[in-house]
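Novice: Starting from these lines, generate the structure:
(chains A and B)
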Number of protein chains: 2
Amino acid sequence: MRIAVLSPISWRTPPHHYGPWESVVSLLTEQLVYMGLDVTLFATGDSETSGKLIAVSPRPYSEDHSVDPKVAECLHISELFERAAEFDLIHNHYDFLPLTYSALVETPVLTTIHGFSSPAIMPVYKKYNHRSHYVAISEADKSPELDYIATVHHGIDVAQFPFCKNDGEYLLFFGRIHPDKGVREAIQVAQRVGIKLVIAGIIQDQDYFAAQVEPHIDGTKVEYLGSVGPDQRADVLGHALALLHLISFDEPFGLSMVESMACGTPVIAFARGSIPEIIRDNETGYIVEDIEGAIDAVAAVRTIDRSICRTDVEKRFTSTRMAHDYVRVYKKILNLGEGDDQ
Amino acid sequence: MRIAVLSPISWRTPPHHYGPWESVVSLLTEQLVYMGLDVTLFATGDSETSGKLIAVSPRPYSEDHSVDPKVAECLHISELFERAAEFDLIHNHYDFLPLTYSALVETPVLTTIHGFSSPAIMPVYKKYNHRSHYVAISEADKSPELDYIATVHHGIDVAQFPFCKNDGEYLLFFGRIHPDKGVREAIQVAQRVGIKLVIAGIIQDQDYFAAQVEPHIDGTKVEYLGSVGPDQRADVLGHALALLHLISFDEPFGLSMVESMACGTPVIAFARGSIPEIIRDNETGYIVEDIEGAIDAVAAVRTIDRSICRTDVEKRFTSTRMAHDYVRVYKKILNLGEGDDQ
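Specialist: Next up is the predicted model:
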């Protein structure tokens, strides 16, 4: 099965630090190659893959500001579609723009919708609803206006997230510094329970950081690590008592929750978006309604068996499981049986 | 000959006020229909044409801010390419993005390059240089890195610009209020020669307007009319003594100069970009080097025979001539002889 995988070019695939879409694309690509599929990854030139790499943009536009994003993306996308006949299936992770090329080629196109950035993009998804195939990344992120061939939860490489048996000493915020993500709420909870909060992530909203986060950073009660790359990630996640994920938006999926649980660290989260699909309440964390609920959850969190967090990820959220789910979708689109040759 | 014409959707085709690309597209489309070609215009839903209109975006994104430009443009462009088989030729006026769809269809694509907004877009034009066809709008605007099938100067509908025999009383600035266009320079010249300056055009650079233009507006020595629509345009142009076009960029083409000359009003311009292709020095205006040169030109401008300005436009810059030039290009691309049936 010859699969073209279209990755974003905002960051490298896999990303050095931040870049959740590129991260999922890399995990999937590597697993598909491991399973014996013939995979060609369309990504930035500095990307790394054990499959074939085709790159139009040498560098990611979020790192190299000499790259014009609009020019780079249309050359990146069209390069794949001009070579469509070389592939049995195109797996698009580049949001809506590639759909507008999809009706011009014979090769079927599968799009993983990594979340809707705005209602403004819906007309494109609606136009191609019956000419293309969509995968949702969670049940919660499904639009009632679209049809989906499957829901495929993201998976991680658990080998990169070793299990830490013992309860950690600090609460952790891990993600973009943005009001959506609830950094302020995490600080409130940490202050109320009197436990240190460690914050890790890129600053996406500088005003929010300056007003709501920075004044609390003292290095002892609230510590900010900046963006934490793959090398340190497991260490920071594994040695936490709990991950605070007090989001104020309907998150399509939350990779950091899965990574945290893989290390054994339970998650305390607000019941928004995909949260109930990821956390098993009272087993791998707590799904709470408000700040008071989060405070009660911190008091109870040591009763969670950290090994259950780990085994739940091993069962439900590995990149192996994700890749097998996608191969099942590919076969469905190509009308191949489960046992058909890859 | 079945021609699909792809117009921008920033403004209506033709525009209510500003919108030079949409204006040229409309003039060309109407003339092609008049010549008997089967023309389908892809433009905003409020556009007007005597050909067929296909619209995805009901309203222009520069007028209706509920329209997401990126979403609207990819749906607009892909609609045409998905219907490519219905046409013998696609004539693209939408800059570089449509080129990235062009290799996916059989129908030949001709692109009129209405100027290069930035060097960043060159990689797209270079990639499709040998798979597509380009028209330059002036010799001056040609890139040495590209091949062109022809240069086609814009043309206007001279009937919309009646000839005014007598010298006007004021100097005129007509165009976008932007440093490139030389509004400040026009004010300087008017002040030095002691003749009233009338300014007409949309404000594109608000800071420049506030700092360099607004302080001089007194309604008597310097008057600002705002944006002047098609109804008033000929009146404002025709009753001027001269058009001051003291630009500080290499303008690809300057429609306002042609419109001014059609009304009989000569043009005083700096020797940048396409200017020497449009103005005949000492006959239809003056091509000058600096402010002093412009001042001398104003002193001499009454010696210009206004009827020569008119006849030069009738000979060289009508939409009829433009349409015939384009039909010649269409036939060349389609390997049709001059006498072949349309």
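Novice: For chain A, give me the ranges with low pLDDT.
Specialist: Scanning chain A for pLDDT under 70 picks out the ranges A:338-342.
Novice: mind listing the helices for it?
Specialist: Along chain A, counting by DSSP state H, helices occupy A:20-34, A:69-82, A:99-102, A:122-127, A:183-193, A:206-208, A:230-238, A:255-262, A:275-278, A:291-300, A:306-316, A:319-333.
Novice: Let me have those helices in CSV, adding distance to chain B and mean neighbour count as columns.
Specialist: Bear in mind the C-beta positions are built from the backbone N, C-alpha and C, glycine included. Putting the helices of chain A into CSV (distance: least, C-beta to the nearest C-beta, whole Å; neighbours: other C-beta atoms under 10 Å in any protein chain shown) gives the following:
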stretch, distance to chain B, mean neighbour count
helix A:20-34, 18, 23
helix A:69-82, 4, 21
helix A:99-102, 4, 25
helix A:122-127, 6, 17
helix A:183-193, 29, 21
helix A:206-208, 23, 12
helix A:230-238, 32, 17
helix A:255-262, 26, 26
helix A:275-278, 29, 21
helix A:291-300, 36, 17
helix A:306-316, 35, 18
helix A:319-333, 20, 18
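Novice: which bits of the stretch 51-200 of chain A sit near chain B?
Specialist: Residues of the stretch 51-200 of chain A lying near chain B by C-beta under 8 Å from any C-beta of the partner chain: A:68, A:70-71, A:74-75, A:77-78, A:81-82, A:96-97, A:100-101, A:103-105, A:118, A:120-121, A:123-124, A:127.
Novice: can you map out the strands along the stretch 1-150 of chain A?
Specialist: A:2-6, A:38-42, A:52-54, A:89-92, A:109-113, A:133-136, A:150-151 (DSSP state E, counting those that start in this stretch).
Novice: now the second one, how far from the centre of its chain.
Specialist: Here the centre of strand A:38-42 is set off from its chain's centre by 20 Å, with C-alpha atoms, centre = their mean, to the nearest Å.
Novice: Render the CA-only coordinates of that strand in PDB, please.
Specialist: Extracted in PDB, the C-alpha atoms of strand A:38-42 (Å, rounded to 0.1, in the frame of the first residue of the first chain):
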ATOM      1  CA  ASP A  38       5.300   2.100   1.500                       C
ATOM      2  CA  VAL A  39       5.100   5.600   3.100                       C
ATOM      3  CA  THR A  40       6.200   8.900   1.600                       C
ATOM      4  CA  LEU A  41       6.100  11.800   3.900                       C
ATOM      5  CA  PHE A  42       5.600  15.400   2.500                       C
END
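Novice: Which other helices and strands does that strand contact?
Specialist: Strand A:38-42 sits against strand A:2-6, helix A:20-34, strand A:52-54, helix A:69-82, with contacts defined as 3 or more C-beta pairs under 8 Å, 6 or more residues apart in numbering or on different chains; DSSP states H and E.
Novice: would JSON lines of those with distance to A:Gln160 be doable?
Specialist: Shown next, in JSON lines, are these (distance: least, C-beta to C-beta, whole Å):
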{"stretch": "strand A:2-6", "distance to A:Gln160": "20"}
{"stretch": "helix A:20-34", "distance to A:Gln160": "9"}
{"stretch": "strand A:52-54", "distance to A:Gln160": "21"}
{"stretch": "helix A:69-82", "distance to A:Gln160": "27"}
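Novice: For the strands of the stretch 1-150 of chain A, state which one has the densest average packing.
Specialist: Of all these, strand A:89-92 has the most neighbours on average by mean count of other C-beta atoms under 10 Å in any protein chain shown, namely a mean of 25.
Novice: which residues touch that strand?
Specialist: A:1-6, A:80-81, A:84, A:98-99, A:102, A:105, A:107-112, A:326, A:330, A:333-334 (C-beta atoms under 8 Å, 6 or more residues apart in numbering or on different chains).
Novice: which neighbours does it have in its sheet, and in what orientation?
Specialist: strand A:2-6 (parallel), strand A:109-113 (parallel) (DSSP bridges).
Novice: Just the angle for the first one relative to strand A:38-42, thanks.
Specialist: Okay, so that is strand A:2-6. 20 degrees (axes from the mean of the first three to the mean of the last three C-alpha atoms, to 10 degrees).
Novice: which residues are contacting strand A:2-6?
Specialist: Against strand A:2-6 from outside (C-beta under 8 Å, 6+ apart): A:25, A:28-29, A:32, A:37-42, A:51, A:76-77, A:80, A:83-84, A:86-94, A:98, A:107, A:330.
Novice: any idea what sits nearest A:Pro69, other than its immediate chain neighbours?
Specialist: Closest residue to A:Pro69 apart from its sequence neighbours, by C-beta to C-beta, 6 or more residues apart in numbering or on different chains: A:Tyr61 at 4.4 Å.
Novice: Could you report the neighbour count for that neighbour?
Specialist: 21 (other C-beta atoms under 10 Å in any protein chain shown).
Novice: Please look at it and A:Ala72 and confirm they touch.
Specialist: Yes: with contact defined as C-beta atoms under 8 Å, A:Tyr61 reaches A:Ala72; the gap is 5.5 Å.
Novice: Quick check: neighbours shared by the two?
Specialist: Joint contacts of A:Tyr61 and A:Ala72 (C-beta under 8 Å, 6+ apart) are A:Ile9.
Novice: Starting from A:Tyr94, give me the distance back to the residue nearest to A:Pro69.
Specialist: 13 Å (C-beta to C-beta, to the nearest Å).
Novice: got it, and A:Ala85?
Specialist: Distance from A:Ala85 to A:Tyr94, by C-beta to C-beta: 20 Å.
Novice: Neighbour count: the two, which is higher?
Specialist: A:Tyr94 (22 against 8).
Novice: separation between that one and A:Thr112?
Specialist: From A:Tyr94 to A:Thr112 the distance is 10 Å (C-beta to C-beta).
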